[in-house]
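In: Predicted structure and sequence below. I'll ask about it afterward.
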Amino acid sequence: MKRLALLLAVLGALVAPAAAVAHPLGNFTVNRFSAVELSGNQVYVEYVLDLAEIPTFQDGDRVRRSGFATTIGHGLRLELDGRPAHLRVLASRAQYRPGAGGLRTLRFEAVFAADRTGSALEFRDLNFAGRIGWREVVVRAERGARVLSASVPAASASDELRSYPKDLLSEPLHISTAEAQAQPGSQPGVPPRLDGQTTGGHRGGSFEALIAEDDLSLGAIIVGLAIAAFWGAAHALTPGHGKAIIAGYLVGSRGKPRHAVLLGLIVTATHTAGVFALGFVTLLLSRFVVPERLYPWLTLLSGLLVVGVGASVLRGRLRHRREHAHSHDHEHGGYGRGGLLGVGVAAGLLPCPSALVVLLSAIALHRIGLGLALIVAFSVGLAATITGIGLVAVLARRAFGRLRLDGAFVRALPAVSALVILVVGIGITVKSLPAVL
């Protein structure tokens, strides 16, 4: 019966679509919600934090400390009729919820009361300003108070970070300020209540779930490694990871099958090292370097590497055509090991967030050996797909080369493929610049 259950789990993992992240907005996100509420003759602020797996792993203990609500209050700016209002903590609560790979997410709620009232309102949330995630502010009124005009709506689009709209997951709200004109009421105010209604957590992907499996028998571990390799191979088919770049490079430089295999090995080593490096930053250097802020820089570095490789291959092909050389490596477009290394590093440079979740989960669950093995298996699967694409490109070029297609297209194909690499690299670089600058 146990073997049947294991077999069904394996089949389910292979058939079900892979979830890239457990939290709807990503494993790195710190999501914030503020509600400025005019209740009668009083002004309150309700504040909610929704921390995904990695911020919870880093900051969960700090968020749960008794004085954290006061810290949050210091990061809130509320002006009423042009004068700063002091916010006093009325209540606060932090609750863990299940996340991916045995990690947890965290929901923090707090209610503040302003020491004065007014009709002109300005609000700003400065907390976690450098972190990525959902940012939302609403202004609402009750018990005789009225909002005459406001720069933000009265209703939450995310149900106060409980249910994010699917059509906004790729471009989450980014609102941390509000202005409003209001008419206070005459009745005593009633503060918002912490009703404790939260979601039941977020389901992790099949890869992240492997680290939390209870069955650690040899057979289960072997099956887990096979599934991890499968998800790595599937992950390589998603956008990114330089598939077009690798194919173009092998065509443009007239690479051989062994070069495609070598590229796969470089991708495996780079991806695995990237996960370990980002894990090191997350564990030991997150006070100085926010891990998710490294991704734009890694993307920029990847783009610059691709530009360099594309320019090198294109220069070699143009020189080859000018000199009409037909011998050994020079005939093959100036094939260089530096270019091969650059393409492999560029393809594996961006570590998968799911792999980082597995690494952190392994540390939290004291299963470091299993976590490292799963990450290596994932990287091997990713590299297998990259290698396969490279082999297809090499064999396709050879097939075209045997055809008697007399024309400029076949002769120009290596130069065109090098130009494609260069254009893609420039696109990656330009796209990454706004997030870096």
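Out: In hand now; what should we look at? Numbers count the residues shown, from 1 in each chain.
In: Surely G189 is in contact with Q42?
Out: Yes. Contact criterion CB atoms under 8 Å: G189 and Q42 qualify, at 2.7 Å. The C-beta positions use only the backbone N, C-alpha and C, and glycine is treated the same way.
In: which residue packs closest to F123, ignoring adjacent ones?
Out: Spatial nearest neighbour of F123, chain neighbours left out: A178 (4.6 Å); criterion: CB to CB, 6 or more residues apart in numbering.
In: Would you list the phi and psi of the one you found?
Out: Main-chain dihedrals, A178, degrees, to the nearest 10: phi -150, psi 150.
In: For it, grab the count of nearby residues.
Out: Applying other CB atoms under 10 Å, we find 21 residues neighbouring A178.
In: before we move on, what about the one 10 residues further on?
Out: Neighbourhood size, P188 [other CB under 10 Å]: 10.
In: Go ahead and confirm it touches Q42.
Out: Yes. In this structure, P188 is within contact of Q42 by CB under 8 Å, at 7.1 Å.
In: those helices in this structure, which residues are they?
Out: Assigned by DSSP state H, the helices in the chain fall at 2-15, 53-64, 68-74, 206-209, 218-236, 243-252, 257-280, 294-323, 328-331, 337-348, 353-364, 368-402, 408-436.
In: ranking these by mean pLDDT, which is last?
Out: Per-stretch averages of pLDDT across the helices of the chain put helix 2-15 at the bottom, with a mean of 38.
In: show me the contacts for D81.
Out: G118, S119, A120 (CB atoms under 8 Å, 6 or more residues apart in numbering).
In: Most neighbours of all those residues, which one?
Out: Sorting the contacts of D81 by how many neighbours each has (other CB under 10 Å) puts G118 first, at 18 neighbours.
In: how about the nearest residue to that one, chain neighbours excluded?
Out: Nearest to G118 is L80, by CB to CB, 6+ apart, at 3.1 Å.
In: before we move on, the earlier item: please report how far the residue nearest to F123 lies from L372.
Out: Distance, A178 to L372, by CB to CB, to the nearest Å: 47 Å.
In: A155 too?
Out: Taking CB to CB, one finds A155 at 47 Å from L372.
In: Those two: who's more crowded?
Out: Per other CB under 10 Å, whichever of A155 and L372 has more neighbours is L372, with 16 against 8.
In: Show me the beta-bridge partners of the residue nearest to L121 when sequence neighbours are not counted.
Out: Spatial nearest neighbour of L121, chain neighbours left out: A180 (4.5 Å); criterion: CB to CB, 6+ apart. Residues in a beta bridge with A180, per DSSP bridges, are L121, A150.
In: L76 too?
Out: Counting by DSSP bridges, the residues bridging with L76 are D125.
In: Next, the contact list for it, please.
Out: So L76 contacts S34, V45, Y47, L87, F112, F123, R124, D125, L126, N127 (CB under 8 Å, 6+ apart).
In: isn't the second one right up against V36?
Out: Yes. If you go by CB under 8 Å, V45 and V36 touch, sitting 5.6 Å apart.
In: residues shared between the contacts of the two?
Out: Taking CB under 8 Å, 6+ apart as the criterion, V45 and V36 both touch L78, F123.
In: what number of residues lie near Q42?
Out: 21.
In: now it: how far from V139?
Out: 14 Å.
In: swap in D50?
Out: Distance of D50 to V139, computed by CB to CB: 20 Å.
In: More neighbours: which of the two?
Out: D50 (30 against 22).
In: Surely that one touches T105?
Out: Yes. With contacts counted by CB under 8 Å, D50 reaches T105, the gap being 7.1 Å.
In: which residues touch the residue lying closest to I266 once chain neighbours are set aside?
Out: Spatially, and ignoring its direct neighbours in sequence, I266 is nearest to G344 (2.8 Å; CB to CB, 6+ apart). Residues in contact with G344, defined by CB under 8 Å, 6+ apart, are L262, L263, L265, I266, V267, T270.
In: out of these, who's nearest G144?
Out: When the contacts of G344 are ranked by distance to G144 (CB to CB), T270 comes first, at 62.8 Å.
In: For that closest one, which residues are in contact?
Out: By CB under 8 Å, 6+ apart, T270 lies in contact with G344, V345, A347, G348, L349.
In: Please name the nearest non-neighbouring residue to L305.
Out: Nearest-residue entry for L305: A346, 4.2 Å, with adjacent residues in sequence omitted and distances by CB to CB, 6+ apart.
In: Tell me the spacing between the one you found and A150.
Out: A346 is 47 Å from A150, by CB to CB.
In: Of the two, which one has the most company?
Out: Ranked by neighbour count (other CB under 10 Å), A346 and A150 place A346 first, with 30 against 19.
In: Tell me if I'm right that the more buried one and V307 touch.
Out: No. A346 is beyond contact range of V307, at 9.6 Å (criterion: CB under 8 Å).
In: sorry, back to before: what's the neighbour count on the residue nearest to L121?
Out: Neighbours of A180 (other CB under 10 Å): 21.
In: Surely it is in contact with V147?
Out: Yes. Under the criterion of CB under 8 Å, A180 makes contact with V147 at 5.8 Å.
In: Pull up the overlap in contacts between these two.
Out: V139.
In: tally of neighbours for G60?
Out: G60 has 18 nearby residues by other CB under 10 Å.
In: domains of the protein?
Out: As given by automatic domain parsing, the domain ranges for the chain are 30-183, 206-436.
In: As JSON lines, those with distance to R193 would be great.
Out: Below are the domains of the chain laid out as JSON lines (distance: least, CB to CB, whole Å):
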{"stretch": "domain 30-183", "distance to R193": "8"}
{"stretch": "domain 206-436", "distance to R193": "33"}
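In: Show me which of the contacts of L76 are buried.
Out: Listed as buried from those are S34, V45, Y47, L87, F112, F123, D125, N127; burial here means 16 or more other CB atoms under 10 Å.
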